[in-house]
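**Q** model the structure of this input:
(2 chains)
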Amino acid sequence: MSCIETIQNYGLRAIGRGERILPQSDITLCEQFVLIGSGLLWNIYFAAIAVFLGFWFAVALALGKNSHNPFFRKPASAFILLFRGSPLFIQFFFAYEIFILLPKVGVEFSLAGITLSAELRWLSAAWLGALIVLFLNTSAYSGNIFYGALQSIPKGDLEAADAYGMSPQKKFRRVVWPTMLRLAWPSYTNEAIFLFHATALVFFSAFPSRQQSGDALYYANYFADKTFNPFVPYPIVAFYFIIFTLVIIVLFGRINRRLNRHLPKAQRARLKMPRQLMR
Amino acid sequence: MFEFCASPDQLETLRWFSCYLTSGKHLTFYFSFIVVFVLLALAAPSALLFGLISATASRSHNIIIRSIGRTYIAMVRGVPDIAFFLFVPIALDQAFEYIRHKTKCPDITDPVRQGNDFVVCEVAKLPLSSAPQNMHEIYGFLLALLAYAIIFGAFAGNTLFGAMQAVPKGQLETAEAYGMSQRQVFRRILLPQMWVYALPGLSNLWMILIKATPLLFLLGVEDIVYWARELGGAKGSIFTYPHPDWRAWYFAGLLVFYLVFTGVSEWALGKLMTRVNYARTQTARKPKNPKPAGAAA
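**A** Residues are numbered from 1 along each chain as shown, chains lettered A, B, ... in the order given. This is a model prediction of the structure:
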């Protein structure tokens, strides 16, 4: 089987298209590259959606934690504490067990509608259940980053906005929001990279993979078990992840440059591979 | 454990739970929490040692040593740590067995990799197939520990390297001007000064290490996650303590355990940080308000 055929057969294997049966023996390098690459689609799917949706929830959490009103501050702080203080691995397990129990509890309510119970069953599948956990987790971490940025907005800027007679909404839109984003962006980039890496946990925690369609690490582990040679598949995973980490850095770097465009060159924060771990 | 536990199906709720939660399996479950602490107690210092070695190597004047140190430190960035957790133990296991195979059975010339198999001679196996079961478990735990040390050593190396760079150059030059050797400068100036700069990064690392402990489950160690799944699963009437699926409760318990653990750690590290910062600001202030001679004790 040539490599082109392998790509046709296994290129979309991770999302259930193409050949059903995974290569069993005489595994070629091409097959490993293609299948692990196809698994990476899951990692990208989880990371992209969780980061995009998490961003908005994180802003809400940060504003909540920064609020003077305890009605907003307490729940936001508690949420951030809960998700930052416990391991993601345990969160996956806990959420999965809850998601399994939910449809059973739903039966007792009974006849609330067939569509509802069907949707609840989706919760225990990785594509939705794990995505929800990742979304909540990244929201908590990013929320804390944004909260830190809100705290370090220069007082003078806020006072100047007041002195100009800006309304609270206008002040938020013109001063608080852009400054918060600019200050938080390097750490937020770090968090996005971490979340992308954390997606590799999904199929190794409670969430089962259906029809052997899993993420990049899932296939790497499969090949390592089959060939008993970890020195080929894991470096391939590393290769893919490094490439996509660099892609994230370039994308977020573009946004960073835009956020900093009004500043003199020397003051701009540069983005690099994370030097310091933020989690 | 208690005498009244002989026939649990007769007991009322409170007593039933006091029996259930002290059953033999549950005591093993509680013991596995100690495994977590043992892992942390061993992994943290060994990771710190790996970090210290790699950070020192990264500052070496020898280009080979320096590039080895920097590659090791850079290794963990860009790749998920869980990939390393899956890779390092099996890679180390094969490396150890390969070395033993080469030294103990030099007359076997067959290649070690035959198709999809990894074949070493009988005496090179680790642990020996005749070894008792708990030797296998201890070997598995040690491999896991080494994996933690290598991965978190690279993280720590990153932090310590940054901290070493942050020590003011003038202090090191002054020490050299006093005629100290490189070794003395390292031991007397760089090492003690570095910790202040490394502390925030290291405390962050400690929190990450705590939150990485459940990954032991992936390495095949019977840890708290394993037992929570095992004990929480639904038990039919053939069991002494039948109950429905309680895994959610068990994982809620683990969640609380980690929340308390990270909470206490954060509090303790915060205390340490204020102390260190206090000491630093005091020393920084000294030249401005010199104490009268003899007052300093």
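**Q** need the contact partners of stretch B:157-166.
**A** A:275-277, B:50-56, B:58-59, B:69, B:72-73, B:76-77, B:190, B:194-198, B:201-202, B:205 (Cβ atoms under 8 Å, 6 or more residues apart in numbering or on different chains). For glycine as for every other residue, the C-beta is placed from the backbone atoms N, C-alpha and C.
**Q** recalculate using a threshold of 6 Å.
**A** B:G51, B:S54, B:A55, B:S58, B:I73, B:M194, B:Y197, B:A198, B:G201, B:L202 (Cβ atoms under 6 Å, 6 or more residues apart in numbering or on different chains).
**Q** could you do stretch A:10-30 as well?
**A** With Cβ under 6 Å, 6+ apart, stretch A:10-30 has contacts from A:3, A:6, A:9, A:31, A:34-35, A:38-39, A:41-42, A:212-213, A:227.
**Q** let's go with 8 Å and repeat that
**A** With Cβ under 8 Å, 6+ apart, stretch A:10-30 has contacts from A:1, A:3, A:6, A:8-9, A:31, A:34-35, A:37-42, A:211-215, A:219, A:222-223, A:226-227, A:232, B:116.
**Q** can I get that stretch as CSV, trimmed to CA atoms?
**A** C-alpha atoms of stretch A:10-30 as CSV (Å, rounded to 0.1, in the frame of the first residue of the first chain):
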residue,chain,number,x,y,z
TYR,A,10,-6.6,6.7,7.3
GLY,A,11,-6.4,10.5,6.9
LEU,A,12,-9.8,11.0,8.5
ARG,A,13,-9.9,7.8,10.5
ALA,A,14,-10.0,9.7,13.8
ILE,A,15,-13.4,11.2,12.9
GLY,A,16,-14.8,7.9,11.7
ARG,A,17,-14.2,8.2,7.9
GLY,A,18,-12.3,5.7,5.9
GLU,A,19,-10.9,2.3,6.8
ARG,A,20,-12.4,0.9,9.9
ILE,A,21,-9.7,-1.6,10.9
LEU,A,22,-6.5,-0.1,12.2
PRO,A,23,-3.2,-1.5,10.8
GLN,A,24,-2.3,-4.6,12.8
SER,A,25,1.1,-5.9,11.6
ASP,A,26,3.9,-4.6,9.4
ILE,A,27,3.1,-1.1,10.5
THR,A,28,4.9,1.4,8.2
LEU,A,29,6.2,4.8,9.2
CYS,A,30,3.7,6.4,6.8
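**Q** give me the buried positions along it.
**A** The neighbour-count check on stretch A:10-30 (16 or more other Cβ atoms under 10 Å in any protein chain shown) flags A:Y10, A:G11, A:L12, A:R13, A:A14, A:G18, A:L22, A:P23, A:I27, A:C30 as buried.
**Q** ok, of the contacts of stretch A:10-30, which come out buried?
**A** Looks like those have A:6, A:9, A:31, A:34-35, A:37-42, A:213-215, A:219, A:222-223, A:226-227 buried, using 16+ other Cβ under 10 Å.
**Q** keep only the residues you listed that also lie close to chain B.
**A** A:K226, A:T227 (Cβ under 8 Å from any Cβ of the partner chain).
**Q** so which of the buried ones among the contacts of stretch A:10-30 belong to helices?
**A** A:6, A:9, A:31, A:34-35, A:37-42, A:219, A:222-223, A:226-227 (DSSP state H).
**Q** what about B:E222, neighbour count?
**A** 18 (other Cβ atoms under 10 Å in any protein chain shown).
**Q** where does it land in three-state SS?
**A** Of the three states, B:E222 takes coil according to DSSP: H, G, I helix; E, B strand; the rest coil.
**Q** quick one: low-confidence ranges for the stretch 101-250 of chain A?
**A** Residue ranges of the stretch 101-250 of chain A with pLDDT under 70: A:104-120.
**Q** so for whichever residue of it sits closest to chain B, what's the nearest residue that isn't a sequence neighbour?
**A** Closest residue of the stretch 101-250 of chain A to chain B, Cβ to the nearest Cβ: A:H197 (3.6 Å). Leaving aside its chain neighbours, A:H197 sits nearest to B:P80 (3.6 Å; criterion: Cβ to Cβ, 6 or more residues apart in numbering or on different chains).
**Q** find me the pLDDT at the one you found, would you?
**A** B:P80 is assigned 88 on the pLDDT scale.
**Q** surely it is in contact with A:I193?
**A** No. Between B:P80 and A:I193 there is no contact under Cβ atoms under 8 Å: 9.8 Å.
**Q** got the contact list for B:F4?
**A** Contacts of B:F4 (Cβ under 8 Å, 6+ apart): B:L11, B:R15, B:C19.
**Q** compare the residues you listed and tell me which has the most neighbours.
**A** B:C19 (20 neighbours).
**Q** follow-up on the earlier one: got a list of what the residue of the stretch 101-250 of chain A closest to chain B touches?
**A** A:F241, A:T245, B:V79, B:P80, B:D81, B:I82.
**Q** in helices, which of these fall?
**A** Reading helices off the contacts of A:H197 with DSSP H, I get A:F241, A:T245, B:D81, B:I82.
**Q** quick one: which helix or strand includes the nearest residue to the third one once chain neighbours are set aside?
**A** Take B:D81 and drop its neighbours on the chain: the residue closest to it by Cβ to Cβ, 6+ apart is B:I151, 5.6 Å away. Under the assignment given by DSSP states H and E, the secondary-structure element containing B:I151 is helix B:133-166.
**Q** gap between that helix and the chain center?
**A** Relative to the mean C-alpha coordinate of its chain, helix B:133-166 is positioned 6 Å out (Cα atoms, centre = their mean, to the nearest Å).
**Q** next SSE after it?
**A** helix B:169-177.
**Q** so which residues on the stretch 51-200 of chain A come close to chain B?
**A** Going by Cβ under 8 Å from any Cβ, the residues of the stretch 51-200 of chain A near chain B are A:81-82, A:85-91, A:93-94, A:97-98, A:100-101, A:197-198, A:200.
**Q** quick one: the residue nearest in space to the middle of chain B from A:Q24, how far?
**A** The centroid of chain B falls nearest to B:A43 when counting by Cα atoms, centre = their mean (3.2 Å). Note on B:A43: its distance to A:Q24, by Cβ to Cβ, to the nearest Å, is 37 Å.
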